[in-house]
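Colleague: Show me how the following folds:
(chains A, B and C)
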Amino acid sequence: MTTALFWFRKDLRIKNNHAWVKACETHRVLPVFVLEPQIISNAGLHRRNQFFLNLSALAEEIQSIGGRLNVIHGPASDVLPRYVRENNIDCLYFNADTTPFSRQRDEFLSNEISAQTHIFWGGLVHPPETVLTQKGEISKVFTPFYKKWVTIPAPLSLQNVQPVFVSGRENDWEIEQDLIPSSSDVGHRGAKERLERFLKVADDYQESRNIPSVEGTSFLSSDLHFGTIGPREILHRLSPNREGHRQFIRQLAWRDWYAHLLYANQEIPLKAANRSYENIQWRDDSEDLENWEKGRTGYPIVDAGMRQLSATGWMHNRVRMITASFLVKHLLIDWRKGERYFRRTLIDGDVAQNCGNWQWVAGTGFDAAPYFRVFNPVLQSKKFDPSGRYIRRWVPELEGMSNSAIHSPWEYDEATLRKHGVALGETYPFPMVNHAEARDRALATYKKARE
DNA sequence: TGAAATGTTGGGGCG
DNA sequence: ACGCCCCAACATTTC
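Modeller: Numbering: from 1, shown residues only, chains lettered A, B, ... in the order given. Coordinates of the predicted model:
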């Protein structure tokens, strides 16, 4: 029997992991995770914690069926070739990724390593280059992509063999166990719990997904990023006949679309997909950027979102759109700076998804929001957080404000504010820009770039 | 997966 | 009773 090295990457699960099943069916397996330096250096605190929790959950999963996860340190391009040689590996199995870094590394390794590589796409419902127009291209408009995407079958891959494990010659995993809070809500088990909870409320998804004070979304974004659950496993629990389910399935299609687009257009993280917007005159203002990051814009809904992000590593989707739009349109700061901050800080920070969505908000992407669509943070706040519950949760200094006034405290006189315990400029900042002026400036700047 | 500006309509107040 | 104005309320267009 030959030996396969199974390289876990952004697929920290063994359940419904087709690549894993395939490796186990005909080989002895050596499960490996390569702890590459950029996994740590590119991640904020929450994201790093989430990663280590998921990694140790995977190690436990493998242990529970009699194996052991071998963790080796270093850039994979440096350490894997030697590791493969020293452990007499015959072939290599892994799930691929669409990012430029990942593709260049994998390309390099497939030349460098003599063992045969078997590549799968367990992180997506459908692999890149499999959802195509009649002309054989990926659609640059979402709806035609989606119409094609839903017609393609996406079977599950169930494990039916007991893996035969081999151990690596070295295992220098040095994660101090006390850094890992014992937690049952991580790994595949945590993902399954989140899925089960979501299924109970999924019929209301269309209504409640936009209300940040309600737990109406799936909370599966980080699981999908780390691969603690596969998207097909989620898809198979949803019914296209139920409206809420169908809307969520649509979100899974957006996720595939952004991944496929990145695969086909590797410069998406760096450049406007719609090149006519590549010469927008962005403002280079690091102080404004920092005030945005820290949640000190003076717009309560924006500050609430940014504080939820830095406190928890997660932000509600509706608020992601509002805060991102504020940075790009109101502050006129380059979407790439916001994208970088989100990606570091979010526990679900993902190159394809984050860049795709930021370019959508900035209006520079494929099938993106039109440049003249400028969210009014006060109207958005009144519409989606009418009771102010979300704002009060994350901007407690505004707790005493009334439901109607909490969205725009600067519109009220000093005496009224004092009555509610607020002193603008002292307990809570003045708005850093005037909405109408900022809107005009954004429209003028975008219009100029189009000429 | 907007919002603001502009246009239209119709009821009510009033001379 | 009539014309006129005001201005919500709704519709359309523009950014």
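Colleague: hmm, the biggest helix by length in chain A in reach of DNA strand B?
Modeller: Taking DSSP state H as the criterion, chain A has its longest helix at helix A:243-264. Yes: applying C-beta under 7 Å from any atom of the strand, one finds helix A:243-264 in contact with DNA strand B at A:Q251, A:W254. Quick note: C-beta positions are derived from backbone N, CA and C, even for glycine.
Colleague: which of the residues in that helix are buried?
Modeller: A:244-246, A:248-250, A:252-263 (16 or more other C-beta atoms under 10 Å).
Colleague: what subset of these is also close to DNA strand C?
Modeller: Of the residues in those, proximity to DNA strand C by C-beta under 7 Å from any atom of the strand holds for none.
Colleague: Tell me which helix or strand comes right after the longest helix of chain A.
Modeller: Of the helices and strands lying after helix A:243-264 in sequence (DSSP states H and E), the nearest is helix A:286-294.
Colleague: so after that next one, what's the next helix or strand?
Modeller: Scanning onward from helix A:286-294 (DSSP H and E), the first element met is helix A:300-312.
Colleague: So that following helix, near DNA strand B or not?
Modeller: No: using C-beta under 7 Å from any atom of the strand, we find that helix A:300-312 stays clear of DNA strand B, coming within 10.4 Å at best.
Colleague: Show me what that helix is packed up against.
Modeller: For helix A:300-312, the packing partners by 3 or more C-beta pairs under 8 Å, 6 or more residues apart in numbering; DSSP states H and E come out as helix A:286-294, helix A:317-325, helix A:335-345, helix A:377-384, helix A:389-394.
Colleague: mind running it again at 7 Å?
Modeller: Where contact means 3 or more C-beta pairs under 7 Å, 6 or more residues apart in numbering; DSSP states H and E, helix A:300-312 is packed against helix A:286-294, helix A:317-325, helix A:377-384, helix A:389-394.
Colleague: which outside residues touch that helix?
Modeller: For helix A:300-312, contacts defined as C-beta atoms under 7 Å, 6 or more residues apart in numbering pick out A:46, A:292-297, A:315, A:319, A:322-323, A:326, A:345-346, A:377, A:380-381, A:385, A:390-391, A:394-395, A:398, A:406-407, A:409.
Colleague: Surely A:Q159 is in contact with A:V21?
Modeller: Yes: between A:Q159 and A:V21 there is a contact at 5.4 Å, judged by C-beta atoms under 7 Å.
Colleague: more neighbours, these two?
Modeller: Higher neighbour count among A:Q159 and A:V21: A:V21, with 20 against 16, using other C-beta atoms under 10 Å.
Colleague: Please list all residues in contact with that one.
Modeller: A:V21 sits next to A:S157, A:Q159 when contact means C-beta under 7 Å, 6+ apart.
Colleague: Run through the residues that contact A:A154.
Modeller: Taking C-beta under 7 Å, 6+ apart, we find A:A154 in contact with A:V125, A:H126, A:R232, A:L235.
Colleague: now do 6 Å
Modeller: In this structure, A:A154 makes contact with A:V125, A:R232, A:L235, judged by C-beta atoms under 6 Å, 6 or more residues apart in numbering.
Colleague: Among those, which one sits closest to DNA strand B?
Modeller: Using C-beta to the nearest atom of the strand, A:V125 comes nearest to DNA strand B of the contacts of A:A154, at 16.2 Å.
Colleague: For that closest one, grab the count of nearby residues.
Modeller: A:V125 has 22 neighbours, counted by other C-beta under 10 Å.
Colleague: Okay then, goodbye and thanks.
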